[in-house]
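Student: how does the following fold in three dimensions:
(chains A and B)
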Amino acid sequence: MKNVCDRLPLYLYKEMDEQEMAEFEKHLLSCPECRQALETFEDIQSAKMEYSAPQIVIENIFNKTTRKKRFWSQPKIYKTVLAAAACLLIGVAAVFKNTQTTLEYSTAYNVLPVSYEEMSGMASNISNLESINML
Amino acid sequence: MMKNLEDSELVLMFKEGDNKAFEEIVLRYQAQLYTYIISLVKDPEAANDILQDVFIRIFRKLRNYSEENKLKHWLFIIAKNLTMDFFRRNKTRRALPLESREEDEMSILDTVSDKAPQPLEVIITNDRKEMLRKAISDLSIEERELIYLKDSLTFKEISEMQNKPIGTLLSKFNRSLKKLRKIISEKEPEVYNEECVR
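Tutor: Prediction:
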């Protein structure tokens, strides 16, 4: 760096090695401009404040990150709603399954290669069996 | 116990599933980030929201973050990005007259100052500090940012963060000091005139 004064901020924040610090201190003795800047720096450093975030903000951060409730650890009301939704789903599934079985039966019935005559024969066989059983 | 751990160790613990490590990161950096954000937005409520967003974003991304040693640096980058998003969303807010912004700044100070009766010397010191803080708030947003970032990061880290040469940052810092000196000397000419005589 061409101008020694430009390096003042590095001196102020001790971002120089020991030898550079010592050299800059010598420079300070002969440079009123740097001394004034040093005074201004010390003034503002003494006035600057570090603000802490309100506790509620920290709690909110935790609640939205590390303490965020998982699905299975939701309050009772959510569990009740979930249980009701599950029952409804099971009910809908049962109705759907029943409808499907009926459809399968009627489809199967229509394609069975059994005539009405054969069916009436089967019926008479059944009545014969019933009469045998009665004996 | 966790207070003695390095940032990189906390990041690794968090990656292994320890949420307490993340909470330690929040507690460790909340004040630095909050001060930085509030120095830019001058609005405590906005700073609260931005700070929350910073940590929520960090929480979501930290498991995949590979540069454990640059956590602080990364936190400030995210804080800056989210603050800039805030300004983009609230352009009208920035256009508020100076008086309104001054009131905001004073209200920030009121919330943190002690309301209990104080000795005269303390009141004078506090008044002067308040005047100095007001002088800092009169700087441009870039100058304020640099002044506050310097409390947490080195010039090298800021140079990497802002993608600017260190020389540029040093010049800007020196210019800010000169500007501050001018503002302060206008507010309390007797103090600075005495110094000039010396």
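Student: center of chain B - which residue?
Tutor: B:Tyr36 (1.6 Å; CA atoms, centre = their mean).
Student: run a quick neighbour tally on residue 65.
Tutor: This is for chain A. 20 (other CB atoms under 10 Å in any protein chain shown). C-beta: built from backbone N, CA, C; applies to glycine.
Student: wrong chain, I was asking about chain B
Tutor: With other CB under 10 Å as criterion, B:Tyr65 counts 14.
Student: can you list the domains in the chain?
Tutor: You didn't pick a chain, so chain A it is. A:4-49, A:70-134 (automatic domain parsing).
Student: that's the other chain; I wanted chain B
Tutor: B:1-97, B:113-198.
Student: for those domains, which has the smallest mean pLDDT value?
Tutor: Among those, domain B:113-198 carries the lowest mean pLDDT, a mean of 83.
Student: my read: A:Met16 touches A:Leu8, true?
Tutor: No - between A:Met16 and A:Leu8 there is no contact under CB atoms under 8 Å: 10.4 Å.
Student: what touches both of these two?
Tutor: Shared contacts of A:Met16 and A:Leu8, defined by CB atoms under 8 Å, 6 or more residues apart in numbering or on different chains, comprise A:Phe24.
Student: settle it for me: which of the two has more neighbours?
Tutor: Neighbour count, other CB under 10 Å: between A:Met16 and A:Leu8, A:Leu8 has more, with 24 against 15.
Student: assign that one to helix, strand or coil.
Tutor: The three-state assignment at A:Leu8 reads helix, by DSSP: H, G, I helix; E, B strand; the rest coil.
Student: against chain B, how distant is it?
Tutor: 6 Å (CB to the nearest CB, to the nearest Å).
Student: quick one, what contacts that residue?
Tutor: A:24, A:34, A:37-38, B:170, B:174, B:177.
Student: can you add distance to chain A and give the domains of chain B back as JSON lines?
Tutor: Rendered in JSON lines, the data for those read as follows (distance: least, CB to the nearest CB, whole Å):
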{"stretch": "domain B:1-97", "distance to chain A": "4"}
{"stretch": "domain B:113-198", "distance to chain A": "3"}
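Student: most neighbours per residue, which of those?
Tutor: Of the domains of chain B, the one with the most neighbours on average (mean count of other CB atoms under 10 Å in any protein chain shown) is domain B:1-97, at a mean of 17.
Student: surely A:Lys14 and A:Glu25 touch.
Tutor: No - applying CB under 8 Å as the test, A:Lys14 and A:Glu25 come out as separate, 11.9 Å apart.
Student: so which bits of stretch A:92-102 are buried?
Tutor: Residues of stretch A:92-102 include none that count as buried (16 or more other CB atoms under 10 Å in any protein chain shown).
Student: average model confidence for that stretch?
Tutor: On average, stretch A:92-102 scores 78.
Student: distance to B:Ile141 added to the contacts of A:Leu8, as JSON lines?
Tutor: Formatted as JSON lines, the contacts of A:Leu8 follow (distance: CB to CB, whole Å):
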{"residue": "A:Phe24", "distance to B:Ile141": "30"}
{"residue": "A:Cys34", "distance to B:Ile141": "26"}
{"residue": "A:Ala37", "distance to B:Ile141": "21"}
{"residue": "A:Leu38", "distance to B:Ile141": "25"}
{"residue": "B:Leu170", "distance to B:Ile141": "19"}
{"residue": "B:Asn174", "distance to B:Ile141": "18"}
{"residue": "B:Leu177", "distance to B:Ile141": "17"}
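Student: what strand or helix carries the closest residue to the residue nearest to the centre of chain B other than its chain neighbours?
Tutor: Of all residues not flanking B:Tyr36 in the chain, B:Tyr148 sits nearest, at 5.0 Å (CB to CB, 6 or more residues apart in numbering or on different chains). If you go by DSSP states H and E, B:Tyr148 is part of helix B:141-149.
Student: before we move on, back to that, between helix B:141-149 and the host helix or strand of the residue nearest to the centre of chain B, find me the angle.
Tutor: Assigned by DSSP H and E, B:Tyr36 belongs to helix B:19-41. With axes from the mean of the first three to the mean of the last three CA atoms, to 10 degrees as the basis, helix B:19-41 and helix B:141-149 are set at 140 degrees to each other.
Student: contacts for the helix or strand following helix B:19-41?
Tutor: With elements assigned by DSSP H and E, the helix or strand that comes after helix B:19-41 is helix B:44-61. Residues outside helix B:44-61 that contact it (CB under 8 Å, 6+ apart) are A:53-54, A:57, A:60-61, A:64-66, B:22, B:25-26, B:30, B:33-34, B:37-38, B:41, B:74-75, B:78-79, B:82-83, B:86, B:90, B:107-108, B:111.
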